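K.L.:
Build me a structure from this.
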Amino acid sequence: MSSIQEDAHSDLNGAPKQPCQKKMKRTKHVRFQEEVNVAKETTSQTADTQDTSSVTEVALALAKDVIAAAVQSVKEAENPIKNIDWVTHGEFTAERGRKQIEQFVLKWEYHSRWVHYTDFLRREDMGHSIFHYIYCVRWSIPTAQIPIAQITAGVYFTIKIHKKKPPDTPIDVSYVFEGQSLVHRPGMIRFREKWLRDIIEAKCILINPNMFQFNSIGIFQNIVGLDF
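P.N.:
I've put the predicted structure just below:
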């Protein structure tokens, strides 16, 4: 039987030819590859969209920070943090330091109902010709009912004097609010009246825990004269 007849006979018996099988496999492979490419492209587009979204969020956050900083800068330029010209080591005395602290706190912005007084507490010898002069500025709100306030808020100042420094070197001044550990320096941060109120409120609640309930309905402020 000739080869042509054998091929024809093979077809009549239903056996697939080898070339057809290879063609079908190639077709399936091409379709599979196309599906893989489409899937990769879709995944890539999704990833690109997510990356773009993330970049946009970061850019918006940075823009908000920049705007906030610019607004704050404008406010500080219009209303700068106030300070005084502090005396030098050669000009310093304990009493002059007390008067300068009084002069400095008068630069703070607070309600006129607050009153304060500065006490010189002590001098501490730190060694190596370094001395700390400690002061306390006591704040209170006298009222008609309580003309002499029973609760005060303290701000503790430290003036550091180094005997070996040149006489024309300015004194080193720092201060902390009562019950806090954060150290402030003149001209570096704006005073907040709320800091004093928080100290007095905390003391009142410590003395009488029931006042905490009063505070929630606005009675507490009237009791201690903070009704403003």
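K.L.:
can you give me the helices for the protein?
P.N.:
Per DSSP state H, the chain carries helices over the ranges 3-12, 18-78, 94-105, 193-207, 211-216, 219-223.
K.L.:
list the helices and strands the fourth one packs on?
P.N.:
Applying 3 or more CB pairs under 8 Å, 6 or more residues apart in numbering; DSSP states H and E, one finds that helix 193-207 makes contact with strand 153-162, strand 172-177, helix 211-216, helix 219-223. Glycine gets a C-beta too; all of them are placed from N, C-alpha and C.
K.L.:
export the longest one as PDB, just CAs?
P.N.:
What follows is strand 153-162 as a C-alpha-only set of coordinates in PDB (Å, rounded to 0.1, in the frame of the first residue of the first chain):
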ATOM      1  CA  ALA A 153       0.000  77.100  90.100                       C
ATOM      2  CA  GLY A 154       3.800  77.300  90.200                       C
ATOM      3  CA  VAL A 155       6.400  78.000  87.500                       C
ATOM      4  CA  TYR A 156       9.900  77.300  88.600                       C
ATOM      5  CA  PHE A 157      12.800  79.300  87.000                       C
ATOM      6  CA  THR A 158      16.400  78.400  87.200                       C
ATOM      7  CA  ILE A 159      19.200  80.900  86.400                       C
ATOM      8  CA  LYS A 160      22.500  79.200  85.800                       C
ATOM      9  CA  ILE A 161      25.600  81.300  86.800                       C
ATOM     10  CA  HIS A 162      29.100  80.100  85.800                       C
END
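K.L.:
Number the residues from 57 up from this point.
P.N.:
Right, with 57 as the first residue, what we last looked at is strand 209-218.
K.L.:
what angle separates that strand from helix 249-263?
P.N.:
Between strand 209-218 and helix 249-263, the angle comes out at 120 degrees (axes from the mean of the first three to the mean of the last three CA atoms, to 10 degrees).
K.L.:
what helices or strands is strand 209-218 leaning on?
P.N.:
Using 3+ CB pairs under 8 Å, 6+ apart: strand 209-218 touches helix 150-161, strand 186-196, strand 228-233, helix 249-263.
K.L.:
List the residues that contact residue 166.
P.N.:
Neighbouring residues of residue 166 by CB atoms under 8 Å, 6 or more residues apart in numbering: 247, 249, 252.
K.L.:
could you redo the last one with a cut-off of 10 Å?
P.N.:
172, 195, 247, 248, 249, 250, 251, 252, 253 (CB atoms under 10 Å, 6 or more residues apart in numbering).
K.L.:
now residue 242
P.N.:
Residues near residue 242 by CB under 10 Å, 6+ apart: 137-140, 142, 156-157, 160-161, 163, 213, 229-231.
K.L.:
Which among those count as buried?
P.N.:
By neighbour count, with 16 or more other CB atoms under 10 Å, those hold 142, 156, 157, 160, 161, 213, 229, 231 as buried.
K.L.:
Give the full set of residues in contact with the nearest residue to the fourth one once chain neighbours are set aside.
P.N.:
In other words, residue 160. The spatial neighbour of residue 160 that comes closest, neighbours along the chain excluded (CB to CB, 6 or more residues apart in numbering), is residue 140 at 5.1 Å. Going by CB under 10 Å, 6+ apart, residue 140 touches 156, 157, 159, 160, 161, 162, 163, 229, 242, 243.
K.L.:
again, only using 7 Å
P.N.:
Contacts for residue 140 (CB atoms under 7 Å, 6 or more residues apart in numbering) come out as 156, 159, 160, 163.
K.L.:
Fine by me, we can end here.
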